[in-house]
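Colleague: coordinates only, sequence not included:
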């Protein structure tokens with residue numbers, strides 16, 4: 001009898017516990033609004049109430065598509081981000097991008113004893129657990145989810161063309177309509193469509209359900225027969241499925257006496273939630289200030305150069321969508337040019353992985369093996385390299401174009417650049433063919449730097465090979481400027497040749513050097529420090545090496561303005577949008593060496609005359625003053641600032 005009573009009481013207790021749990025869950029209210037989003041109104045608000053015994057570990061997961069497994073969230077927010085969370089209720093708002101699939105939001109309880117310190121994000125914080133789901137919202141979607149999105153421009157190989165790329169959800173026939181008048185887009189061209197699949201990815205997370213999301217269809221249209229330096233209006237889409245808003249750009253004019261470009265590396269993108277990798281919050285300010293500069297520039301042609309480590313997607317597909325939404329306000333106005341970096345490409349079985357590079361190339365690409373980069377962008381030229389996996393070839397590796405008075409050459413530091421490689425031969429032929437009368441300035445750009453005083457020892461073998469194979473080409477062809485990313489700081493060097501500063505007044509072609517500038521400071525803050533002091537390894541070496549003219553840790557970008565007489569590169573900081581460093585390089589004067597020699601000869605004759613004739617001291621002083629002014633070489637430059645941050 002006692003045992004029966006005990007059993008009954010036990011069953012009743014279990015029932016009450018289960019009832020209490022389910023009653024508590026049922027009492028939780030979770031909602032989201034609006035349910036339909038547009039490109040201009042894409043912020044949702046999630047509200048909840050009735051959460052029992054609120055915990056600082058309670059969290060909200062973001063899911064797309066809604067069928068995703070609980071641990072395959074896109075991102076998450078802790079409920080304690082809402083001021084009222086201790087009451088068991090609150091609300092959170094966040095902007096969403098169109099992933100061409102609906103969203104849903106799930107509320108979870110995560111207990112302290114369930115924290116897994118082996119399941120970590122990029123910052124070594126435990127990723128939240130999904131064992132206790134407390135509720136899920138209804139679905140949220142974008143109106144016209146398959147409509148054109150992520151618009152960005154690029155140069156083609158022809159001066160009178162402009163390429164526009166954009167994304168749709170269904171890959172159906174789309175067009176580009178354009179013209180000189182906003183209300184009269186009287187020309188129209190079709191687009192080519194391409195895409196890639198999960199099977200094309202090389203490694204995880206890119207080829208797993210954790211990182212993969214449908215990337216949509218990439219459309220490629222080319223506007224042709226453009227008049228030089230004119231403002232064109234355009235839109236993309238179709239009558240059947242609707243058109244985008246109307247954008248505008250200024251067409252190329254390679255005969256112009258001015259070149260304007262905005263250049264940086266390693267920007268990435270910002271997201272309004274936590275996810276598997278840290279996002280790049282500073283990227284928003286980089287875009288903000290460049291957009292300001294473009295508005296000030298008005299109807300002058302310009303372009304953007306992003307030299308590697310583009311989105312930092314690292315195998316998580318939706319990060320590419322976030323990136324292209326971030327840059328669309330600027331990339332729809334001016335061409336957006338890129339070169340490949342380690343975070344677009346590197347994976348363990350990549351085709352070119354020489355023995356000396358065992359510590360250089362790793363898994364930084366997140367298993368993408370360059371495929372999203374190769375399909376989402378289309379740069380001039382036709383460089384490509386097989387992946388060796390059956391996936392689409394890696395493209396946009398090396399190419400060049402003229403813009404006004406500057407010749408720009410982009411190279412790949414992730415694929416073979418050694419002597420006699422295809423890329424080396426291209427670089428050599430390209431630099432040797434530059435018409436310096438037409439483009440007096442030459443700029444080479446690549447991702448990993450040839451020179452840096454950052455404590456980036458892993459890349460030392462790479463820098464050695466770049467110095468052996470590529471620096472002689474820069475020197476022999478008198479390259480004006482070499483720009484690099486990868487190191488997430490700004491650093492400007494003197495005019496260099498084999499780690500030595502070249503004396504500008506004695507500059508001749510055999511003894512020339514190239515100014516190197518590292519510009520990888522556009523958003524990513526994961527960075528090694530400067531080389532340490534031998535006696536205090538926890539602080540940077542001081543004073544900074546003599547070849548390093550200026551270095552700083554301020555996020556930002558560079559702006560290039562070149563005329564036929566002078567090239568000016570300014571470093572603009574993100575915290576104030578102001579100039580932090582200036583580099584000025586005048587056009588090389590072929591007659592400079594002769595002029596300097598004549599000046600020296602004239603000086604000796606004058607001094608001899610002075611000694612023999614005994615002219616007045618005042619005359620001597622006046623002559624010396626005149627001599628100093630005349631003999632100063634026209635191509636000398638001095639650093640405007642020099643600091644260590």
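Modeller: Done, it's in. Just so we're clear, the structure is a prediction, and the values are computed from it rather than from any experiment.
Colleague: Show me where this protein dips below the pLDDT cut-off.
Modeller: For the chain, residues meeting the criterion pLDDT under 70 lie at 1-26, 503-511, 536, 541-542, 589-645.
Colleague: got the residue ranges for the helices in it?
Modeller: For the chain, applying DSSP state H gives helices covering 2-27, 283-297, 318-331, 342-345, 371-376, 422-432, 460-469, 471-476, 592-613, 617-631.
Colleague: packing partners for the fourth one?
Modeller: Counting contacts by 3 or more CB pairs under 8 Å, 6 or more residues apart in numbering; DSSP states H and E, helix 342-345 packs against helix 371-376. For every residue, glycine as well, the C-beta is placed using N, CA and C.
Colleague: what number of residues lie near the residue nearest to residue 338 when sequence neighbours are not counted?
Modeller: Leaving aside its chain neighbours, residue 338 sits nearest to residue 306 (4.9 Å; criterion: CB to CB, 6 or more residues apart in numbering). Applying other CB atoms under 10 Å, we find 26 residues neighbouring residue 306.
Colleague: what's residue 306 in contact with, if anything?
Modeller: Residue 306 sits next to 264-265, 267, 336-339, 522 when contact means CB atoms under 8 Å, 6 or more residues apart in numbering.
Colleague: mind listing what residue 222 touches?
Modeller: Counted by CB under 8 Å, 6+ apart, residue 222 has contacts 156, 161-164, 176, 189.
Colleague: Could you check how far it is from residue 378?
Modeller: 9 Å (CB to CB, to the nearest Å).
Colleague: Okay, strands next: where are they in the stretch 451-600 of the chain?
Modeller: Secondary structure of the stretch 451-600 of the chain (DSSP state E, counting those that start in this stretch): strands at 481-484, 490-497, 500-501, 514-519, 548-552, 556-563, 566-573, 579-586.
Colleague: right, and those strands - which one's nearest residue 110?
Modeller: strand 556-563 (38.0 Å; CB to CB).
Colleague: Note down every partner strand of the closest one and its orientation.
Modeller: Using DSSP bridges, the strands paired with strand 556-563 are strand 258-264 (antiparallel), strand 566-573 (antiparallel).
Colleague: most tightly surrounded among the ones you listed?
Modeller: strand 258-264 (a mean of 23; mean count of other CB atoms under 10 Å).
Colleague: so how far is that one from its chain's centroid?
Modeller: 15 Å (CA atoms, centre = their mean, to the nearest Å).
Colleague: what comes into contact with that strand?
Modeller: 286, 290, 293, 297, 300-307, 403-406, 408, 441, 445, 483, 485, 519-522, 556-563.
Colleague: Buried among the residues you listed? Need that as a selection in ChimeraX.
Modeller: ChimeraX command restricting the contacts of strand 258-264 to the buried ones, with burial defined by 16 or more other CB atoms under 10 Å:
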select :286,290,293,297,300,301,302,303,304,305,306,307,403,404,405,406,408,441,445,483,485,519,520,521,522,556,557,558,559,560,561,562,563
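Colleague: re earlier: in CSV, list the strands of the stretch 451-600 of the chain along with distance to residue 281.
Modeller: Formatted as CSV, the strands of the stretch 451-600 of the chain follow (distance: least, CB to CB, whole Å):
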stretch, distance to residue 281
strand 481-484, 23
strand 490-497, 18
strand 500-501, 36
strand 514-519, 19
strand 548-552, 19
strand 556-563, 14
strand 566-573, 15
strand 579-586, 20
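Colleague: for the ones you listed, which one sits closest to residue 214?
Modeller: Between residue 214 and the strands of the stretch 451-600 of the chain, the tightest spacing by CB to CB is seen for strand 556-563, at 32.1 Å.
Colleague: Just give me how far the closest one sits from the chain centre.
Modeller: Using CA atoms, centre = their mean, the offset of strand 556-563 from its chain centre is 16 Å.
Colleague: In this structure residue 445 contacts residue 307, no?
Modeller: Yes: Residue 445 is within contact range of residue 307, at 4.8 Å (criterion: CB atoms under 8 Å).
Colleague: Name the residues contacting each of these two.
Modeller: Joint contacts of residue 445 and residue 307 (CB under 8 Å, 6+ apart) are 263, 339, 410, 483-484.
Colleague: how many other residues sit next to residue 195?
Modeller: Using other CB under 10 Å, residue 195 has 16 other residues around it.
Colleague: Neighbours of residue 457, how many?
Modeller: Look at residue 457: counted by other CB under 10 Å, it has 10 neighbours.
Colleague: Report the contact partners of the residue lying closest to residue 177 once chain neighbours are set aside.
Modeller: Leaving out its chain neighbours, the residue that sits closest to residue 177 by CB to CB, 6+ apart is residue 185, at 4.3 Å. Going by CB under 8 Å, 6+ apart, residue 185 touches 177-179, 233-235, 246.
Colleague: Could you tell me how many residues sit around residue 275?
Modeller: The number of residues packed near residue 275 is 19, by other CB under 10 Å.
Colleague: tell me the contacts of the closest residue to it other than its chain neighbours?
Modeller: Distances taken as CB to CB, 6+ apart place residue 75 nearest to residue 275, at 4.2 Å, with adjacent residues excluded. Residue 75 makes contacts with 61-62, 271, 273-275, as judged by CB under 8 Å, 6+ apart.
Colleague: Please repeat the previous calculation with a cut-off of 7 Å.
Modeller: Counting by CB atoms under 7 Å, 6 or more residues apart in numbering, residue 75 touches 62, 271, 273-275.
Colleague: Tell me the one of the residues you listed nearest residue 538?
Modeller: When the contacts of residue 75 are ranked by distance to residue 538 (CB to CB), residue 274 comes first, at 29.8 Å.
Colleague: pretty sure that closest one contacts residue 78?
Modeller: No: in this structure, residue 274 is not within contact of residue 78 by CB atoms under 7 Å, at 8.1 Å.
Colleague: Looking at the two, which one has more neighbours?
Modeller: Ranked by neighbour count (other CB under 10 Å), residue 274 and residue 78 place residue 274 first, with 22 against 17.
Colleague: Now which of the contacts of residue 185 would you call buried?
Modeller: 177-178, 233-235.
Colleague: So residue 399 sits against residue 379, correct?
Modeller: Yes: under the criterion of CB under 7 Å, residue 399 makes contact with residue 379 at 5.2 Å.
Colleague: of the two, who's got more company?
Modeller: Comparing residue 399 with residue 379 by neighbour count (other CB under 10 Å), the higher total belongs to residue 379, at 26 against 22.
Colleague: which residue packs closest to that one, ignoring adjacent ones?
Modeller: Per CB to CB, 6+ apart, closest to residue 379 is residue 396, 4.2 Å.
Colleague: From residue 321, how far out is the one you found?
Modeller: 19 Å.
Colleague: Residue 49 too?
Modeller: Residue 49 sits 32 Å away from residue 321, going by CB to CB.
Colleague: before we move on, what about residue 391?
Modeller: The gap separating residue 391 from residue 321 is 20 Å, by CB to CB.
Colleague: ok, those two, which is more surrounded?
Modeller: Neighbours were tallied for residue 391 and for residue 321 using other CB under 10 Å; the higher tally belongs to residue 321 (25 against 20).
Colleague: Out of the strands of the stretch 451-600 of the chain, flag the one nearest residue 467.
Modeller: Evaluated over the strands of the stretch 451-600 of the chain, closeness to residue 467 peaks at strand 490-497, with 9.9 Å, by CB to CB.
Colleague: And the chain, what are its domain boundaries?
Modeller: As assigned by the TED database, the chain contains the domains 29-142, 149-592.
Colleague: Run a quick neighbour tally on residue 467.
Modeller: For residue 467, the neighbour count with other CB under 10 Å is 17.
Colleague: So for it, what's the nearest residue that isn't a sequence neighbour?
Modeller: That would be residue 450: by CB to CB, 6+ apart, it lies 6.3 Å from residue 467.
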